[in-house]
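Participant: pasting the sequence and the predicted model now:
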Amino acid sequence: MNSDAGLKAVLPAYVPNTSIKPDIPSVAGGADVLTEPGFLSYPANRIATVSGVPGKGGKYSAVTPLWGTVPPADNSFYQAMNKALGVELEMKPADGNNYNTIIPTMTAAKKLPDWINLPAWWNPSFNTGGLAGNQLADLTPYISGDNIKKYPNLAALPTAAWRAGAWGDKLYGIPSFSTGFKIAGCIFYRRDVLDAKGITADQIKSADDLVNLGKELTDAKAGVWAFDDIYRYVYTAFGAPLKWKVDNGKLVHLFETQEFLDAADWHRKLAVAGYIHPDALAGDNSGNTRFYAGKTLIEGGGTGAWNLADHQSGQAANPNYRRGALNFFAADGKSAPRVDMGSATDIISYLNVNLKPGQIEELLAVANYLAAPYGSAEYTMVNYGVEGTHFTMDAGVPTHTEAGKKEVQAQTYPFLAAPSAAISSPSAPNVAKDITAWQAANVKALSKPVFWGMNVSMPQAQATAEAAQPVEDTLKDVIHGKKSIQDLKDAAATWKSSGGGDRLIQWMNDNVLQKFGTGQ
């Protein structure tokens, strides 16, 4: 855990990068809340932000999770990157689907590579807090406060992102893909279809409005249902916390709240009314296929689903395809919309505790290269490779060659370090315009939940209780109309009394809330 005062004393200074100007600048929504900058075309003048070669010829190993095809070892892209970085970095991408079982084997044997990515969502499985200082190097002396200014691209990462790799008031992790607009997701809709019906996002101001829209859009005989699953992206509109809230000084878990039951019951009624696609109710998760085909018109999803690839896939199914997102609303239509933010990033890399100071400095210089901003010379190299070999410029857009498709993976080097997120869709600028406009319209709704950005290292029993699988299973059946709200109440009560829920709440109260506050 980290204390507020201790963390403030060590967090790196923030120095924005002004070398590359976005077409659509960020809009601030509050402390640590910021929309992502937008680029309508790929920067033509690929500015170099690092002079010379960052490395000094060191030899290192690196492991990152990869959800995709592992590139051939020692390929031409890796060779070109080693030359650009000035180090021999042996990349060993591991299967992302089994990563949470691969890493504990390494840590048990104390055989971590020199540089490793440990996604924060697996912190309990990895016991990342326990590894900090034992197997993972303390970076505080190198990057705390003004020390970070030695690495300008790392200094341009938002302050909040560094919290994700901080343990015990010390800095251990290097963040990737950080953002000031981190949310679980939103409710998407087929903007082309609804626009044609004269329906706009700002007309939906309450849960009742959404039900009425569901009734209007559903035509089962024509094979069209209004909704895919949306529960995960709507329950906080009912006033339910993301996971925790503090009520008159008392720590309360989501499952203890009436708002949790109200949101589940609302979604259950949608299912019973016949407004949710039968395949979604049967647990078929291929929602995007239904969305592209126009079989569903409203779906919930992470904001990462809204991008150029989505636009291309959608247009392949329907040339008019356009994704939109509903504005955040409060279920009652009267309260101010409020959406709980996630931590600024979940993708964190760490250095091995056995590295010498000079080696740590060399790898931080490499990380500074990898964190160069969108559209820079370094960013282009890291994400696209060598021009002419791994990519060519096609109508102003870097486009992978066959070699690039096989060798250049956006989940290898950027999982060690990467710039903060930017929105771009060079061949379809309207997508970037739509996303940035939606973020700007909704940025004021984002707020910090209880325990925001706090790294909590909890005992295994509490981690299991937090996962609360029996409640999650019952919840799934309730929101699909297969079980009743009473079943959900019973599951939550059982979880509290005999599933470790009460002990989890007590542990979080005693060890986090009372000692470190809410993190808000």
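Facilitator: Yes, it's here.
Participant: going forward, measure contacts and count neighbours with C-alpha atoms only.
Facilitator: Will do.
Participant: can you pull the pLDDT of the residue in the chain sticking out farthest from the centre?
Facilitator: Taking Cα atoms, centre = their mean as the measure, the residue most remote from the mean C-alpha position of the chain is residue 221, 37.8 Å away. What the model reports for residue 221 is a pLDDT of 96.
Participant: for residue 2, same thing?
Facilitator: Note for residue 2: predicted pLDDT of 64.
Participant: enumerate the positions of stretch 375-393 that are buried.
Facilitator: Buried residues in stretch 375-393, counted by 16 or more other Cα atoms under 10 Å: 375-387, 390-392.
Participant: actually stretch 71-80, not the one I typed
Facilitator: Neighbour counts over stretch 71-80 (16+ other Cα under 10 Å) mark 71, 76-78, 80 as buried.
Participant: same check on stretch 119-135?
Facilitator: For stretch 119-135, burial by neighbour count (16+ other Cα under 10 Å) applies to 119-120, 123-124, 126-129, 131-133, 135.
Participant: please identify which of these is nearest to residue 349.
Facilitator: The shortest approach to residue 349 among those belongs to residue 119, at 7.8 Å (Cα to Cα).
Participant: so that closest one makes contact with residue 350?
Facilitator: No: using Cα atoms under 8 Å, residue 119 is not in contact with residue 350, being 10.3 Å away.
Participant: can you tell me what sits against stretch 179-194?
Facilitator: Stretch 179-194 is contacted by residues 32-36, 158, 161, 200, 230, 233-234, 291, 294, 297-303, 320-326, 328, 339-345, 420-421, 439, 443, 446 when judged by Cα atoms under 8 Å, 6 or more residues apart in numbering.
Participant: give me the buried subset of these.
Facilitator: Taking 16+ other Cα under 10 Å as the criterion, what is buried in those is 32-36, 158, 161, 230, 233-234, 291, 294, 297-301, 303, 321-326, 328, 339-345, 420-421, 439, 443, 446.
Participant: which members of those are positioned in helices?
Facilitator: Residues of the buried ones among the contacts of stretch 179-194 located in helices (DSSP state H): 161, 291, 439.
Participant: OK, contacts around residue 504?
Facilitator: By Cα under 8 Å, 6+ apart, residue 504 lies in contact with 462, 465-466.
Participant: go on, residue 299?
Facilitator: 187-189, 227-230, 287, 291.
Participant: kindly recompute the last result at 6 Å.
Facilitator: Counting by Cα atoms under 6 Å, 6 or more residues apart in numbering, residue 299 touches 187-188, 227-228, 230.
Participant: would CSV of those with secondary structure be doable?
Facilitator: Formatted as CSV, those follow (DSSP: H, G, I helix; E, B strand; the rest coil):
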residue, secondary structure
187, strand
188, strand
227, strand
228, coil
230, coil
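Participant: okay if I get those residues as a markdown table plus pLDDT?
Facilitator: Shown next, in a markdown table, are those (pLDDT from 0 to 100):
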| residue | pLDDT |
| --- | --- |
| 187 | 94 |
| 188 | 96 |
| 227 | 95 |
| 228 | 93 |
| 230 | 91 |
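Participant: drop anything exposed from these.
Facilitator: Neighbour counting by 16+ other Cα under 10 Å classes 187-188, 227-228, 230 among the contacts of residue 299 as buried.
Participant: redo these as TSV? Include distance to residue 280.
Facilitator: Output for the buried ones among the contacts of residue 299, formatted as TSV (distance: Cα to Cα, whole Å):
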residue	distance to residue 280
187	15
188	15
227	9
228	6
230	10
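Participant: okay, now residue 434: neighbour count?
Facilitator: 15 (other Cα atoms under 10 Å).
Participant: which ones among the buried residues of stretch 375-393 map onto helices?
Facilitator: Members of the buried residues of stretch 375-393 lying in helices (criterion: DSSP H): 377-384.
Participant: which of those residues lies closest to residue 493?
Facilitator: The closest of these, once distances to residue 493 are taken by Cα to Cα, is residue 383, at 48.9 Å.
Participant: can you tell me which residues contact that closest one?
Facilitator: Shown in contact with residue 383 (Cα under 6 Å, 6+ apart): residue 410.
Participant: which residue packs closest to residue 9, ignoring adjacent ones?
Facilitator: Spatial nearest neighbour of residue 9, chain neighbours left out: residue 145 (7.4 Å); criterion: Cα to Cα, 6 or more residues apart in numbering.
Participant: again with residue 460
Facilitator: residue 124 is the one closest to residue 460 (Cα to Cα, 6+ apart), at 7.4 Å.
Participant: and that neighbour, how far is that from residue 456?
Facilitator: According to Cα to Cα, to the nearest Å, residue 124 and residue 456 sit 9 Å apart.
Participant: residue 162 too?
Facilitator: Separation of residue 162 from residue 456 (Cα to Cα): 15 Å.
Participant: neighbour count winner among these two?
Facilitator: Counted by other Cα under 10 Å, residue 162 and residue 456 do not tie: residue 162 has more neighbours, with 27 against 18.
Participant: any idea of the mean pLDDT for stretch 369-385?
Facilitator: Stretch 369-385 carries an average pLDDT of 97.
Participant: first-to-last residue distance for it?
Facilitator: Stretch 369-385: ends 14 Å apart by Cα to Cα.
Participant: same check on stretch 37-45?
Facilitator: 18 Å.
Participant: so which bits of it are buried?
Facilitator: 37-43.
Participant: the contacts of stretch 179-194 in strands, which ones?
Facilitator: Of the positions in those, 33-34, 297-301, 323-325, 339-340, 446 sit in strands, assigned by DSSP state E.
Participant: pretty sure residue 465 sits against residue 500.
Facilitator: Yes: with contact defined as Cα atoms under 6 Å, residue 465 reaches residue 500; the gap is 5.1 Å.
Participant: give me the number of residues near residue 9?
Facilitator: Neighbour count of residue 9, defined by other Cα under 10 Å: 13.
Participant: oh sorry, the question was meant for residue 403
Facilitator: Residue 403: 15 surrounding residues under other Cα under 10 Å.
Participant: what strand or helix carries it?
Facilitator: Take DSSP states H and E as the rule and residue 403 turns out to sit in helix 402-407.
Participant: show me what counts as buried in that helix.
Facilitator: Across helix 402-407, burial judged by 16+ other Cα under 10 Å covers 404, 406-407.
Participant: who are the packing partners of the following helix or strand past that helix?
Facilitator: Where DSSP H and E defines the elements, the next helix or strand beyond helix 402-407 is strand 423-424. Counting contacts by 3 or more Cα pairs under 6 Å, 6 or more residues apart in numbering; DSSP states H and E, strand 423-424 packs against strand 38-39.
Participant: quick one: the spatially closest residue to residue 428 that is not a sequence neighbour from residue 434, how far?
Facilitator: Nearest residue to residue 428, sequence neighbours excluded (Cα to Cα, 6+ apart): residue 308, at 7.0 Å. Here residue 308 is placed at a distance of 12 Å from residue 434 (Cα to Cα).
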